[in-house]
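>>> how would this look folded up:
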Amino acid sequence: MLVLAGDIGGTKTNLGLFIRGKSRPLPEVIEAYPSRDAKNLSEIIKKFIQRHPARIQNACFGIAGPVLNGRSKITNLPWEVSQDQLRQHFKWPRVRLINDLEATAIALPFLNNRELYVLNKTRIHRGRNIALVAPGTGLGKVLLIYNNGRYWPVASEGGHADFAPNSVEEVRLWKYLQGKFGHVSIERVLSGQGLANIYSWLQESTKLSEPKWLSDKMKTMDPAQAIGEAALEKKNKLCMKTVNMFVSILAAVAGNLALTAMTTGGVYLGGGISPKILPKINRKDFMASFTDKGRFKHFLEKIPVKVILNDKAALLGAARCALEMDGHS
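Now for the predicted structure:
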């Protein structure tokens, strides 16, 4: 069986053809496309299948947005996607839309040690609930609930829940963002735009000047990427402070989700940002913020925390979903 899988994000769309493998789906071909260059998803799919003609049995697409009744409005793109319309347009037998974080979660049990970076050495508990927190263009949260011998993904829009400050400094950040946006969701802080928001607040509150080389860089590339690179290369104190604050908040949010769903099977950090700032995450500060939950500190210390290094995990999960589809779309 040949299936089409997609990971549809606000910045990038990955499409791939997969076949069934012994332990997980095997890719025949994978292509990446800038999402904002296309009017809709069908336009990108058409380009892909013209380049790679194939007899597709099933298709599954992980969408960066809520999926309800087979339809989705992508959060950070002016696209509306319908699985019925895709099936009718491309004449495929079966099509399914799922949340992109749900797709990543489906892939988690199939990732190998080379595709994961372990932040804390602790015992792995099989058959326990798992959490995934993924900052990228937006912020995604999803759970894997273990029941009846298998994992069941539970998608959410938890990235749009309230940002809860944990320090006087974070309260000041919240006040700045509240004045700017009204409601302050976690995504306003933990995302690419969130990095830029933290940076803007720190620049305004500390009155530190921005060097010309950094201003020029932020004009020619994604500001979040420029901030992250300057922080990792230790070129600018303001950028370093921005990323440190981002990491601390990410750890606290991950710890909250671990408590909420009792994810003793592990907490995974995904999305486009986490692996790129791994040197900042791979420090004692992250685990200190993750476990800073008062009486439940020791409980959280026993939960494995890992960073996903495979940037095609969502595509792999969508392919797994497509291969498992029965006669219902």
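>>> show me where the stretch 101-250 of the chain has its helices.
Under the criterion DSSP state H, counting those that start in this stretch, helices of the stretch 101-250 of the chain are mapped to 168-181, 192-206, 212-220, 223-232, 237-261.
>>> quick one: low-confidence parts of the stretch 201-329 of the chain?
For the stretch 201-329 of the chain, the stretches with pLDDT under 70 are 326-329.
>>> which of the helices of the stretch 101-250 of the chain sits closest to residue 129?
Among the helices of the stretch 101-250 of the chain, the nearest to residue 129 by Cβ to Cβ is helix 237-261 (5.4 Å). Just so you know, the C-beta spots here come from the backbone N, C-alpha and C atoms, and that holds for glycine as well.
>>> next SSE downstream of that closest one?
Of the helices and strands lying after helix 237-261 in sequence (DSSP states H and E), the nearest is strand 266-269.
>>> and the spatially closest residue to residue 232 that is not a sequence neighbour, how close does it get to residue 126?
Spatial nearest neighbour of residue 232, chain neighbours left out: residue 279 (5.9 Å); criterion: Cβ to Cβ, 6 or more residues apart in numbering. Applying Cβ to Cβ, to the nearest Å, the value for residue 279 to residue 126 is 30 Å.
>>> so between the two, which is more surrounded?
residue 279 (10 against 7; other Cβ atoms under 10 Å).
>>> helix, strand or coil for that one?
Each residue gets one of three states, and residue 279 gets helix by DSSP: H, G, I helix; E, B strand; the rest coil.
>>> can we start the residue count at 536 from this point?
With 536 as the first residue, the last one maps to residue 814.
>>> that one and residue 766 touch, don't they?
No - here residue 814 does not reach residue 766: they are 9.3 Å apart, not a contact under Cβ atoms under 8 Å.
>>> walk me through the domains of the chain.
The chain is divided into the following domains under automatic domain parsing: 538-642+847-859, 649-844.
>>> highest average neighbour count across those domains?
domain 538-642+847-859 (a mean of 20; mean count of other Cβ atoms under 10 Å).
>>> which residues touch stretch 694-702?
Residues outside stretch 694-702 that contact it (Cβ atoms under 8 Å, 6 or more residues apart in numbering) are 673-676, 706, 708-709, 712, 718-726, 783-784, 787, 791, 824, 827.
>>> ok, now stretch 768-784?
By Cβ under 8 Å, 6+ apart, stretch 768-784 touches 698, 701, 704-705, 708, 724-725, 729-730, 733-734, 737-738, 741, 743, 745-746, 749, 762-763, 765-767, 812, 815-816, 818, 820-821, 824.
>>> give me that answer again for 7 Å
The contact list for stretch 768-784 (Cβ atoms under 7 Å, 6 or more residues apart in numbering) reads 705, 724-725, 729-730, 733-734, 737-738, 743, 746, 749, 762-763, 765-766, 812, 815-816, 820-821, 824.
>>> residue ranges of the strands in the chain, please?
Assigned by DSSP state E, the chain shows strands spanning 538-543, 547-554, 561-569, 593-598, 602-603, 606-608, 615-617, 629-634, 651-653, 665-670, 674-682, 685-690, 801-804, 840-843.
>>> and the angle for the third one with strand 547-554?
Relative orientation of strand 561-569 with respect to strand 547-554: 160 degrees, computed using axes from the mean of the first three to the mean of the last three Cα atoms, to 10 degrees.
>>> output the contacting helices and strands for strand 561-569.
Strand 561-569 is packed against strand 547-554, with contacts defined by 3 or more Cβ pairs under 7 Å, 6 or more residues apart in numbering; DSSP states H and E.
>>> can you give me the angle the strand it packs on makes with strand 538-543?
160 degrees.
>>> tell me the average confidence for strand 547-554?
In this model, strand 547-554 has a mean pLDDT of 96.
>>> show me what that strand is packed up against.
Under the contact criterion of 3+ Cβ pairs under 7 Å, 6+ apart, strand 547-554 touches strand 538-543, strand 561-569, helix 576-586, helix 848-859.
>>> what pairs with that strand, parallel or antiparallel?
Paired neighbours of strand 547-554 in the sheet (DSSP bridges): strand 538-543 (antiparallel), strand 561-569 (antiparallel).
>>> ok so, going back, of all the helices of the stretch 636-785 of the chain, which lies closest to residue 668?
Nearest of the helices of the stretch 636-785 of the chain (Cβ to Cβ): helix 772-796, 4.8 Å.
>>> circling back to that earlier point, out of the strands paired with strand 547-554, which gets nearest to residue 838?
It is, among the strands paired with strand 547-554 and with distance given as Cβ to Cβ, strand 538-543, at 26.8 Å.
>>> next one, pLDDT for residue 684 please.
At residue 684, pLDDT is 87.
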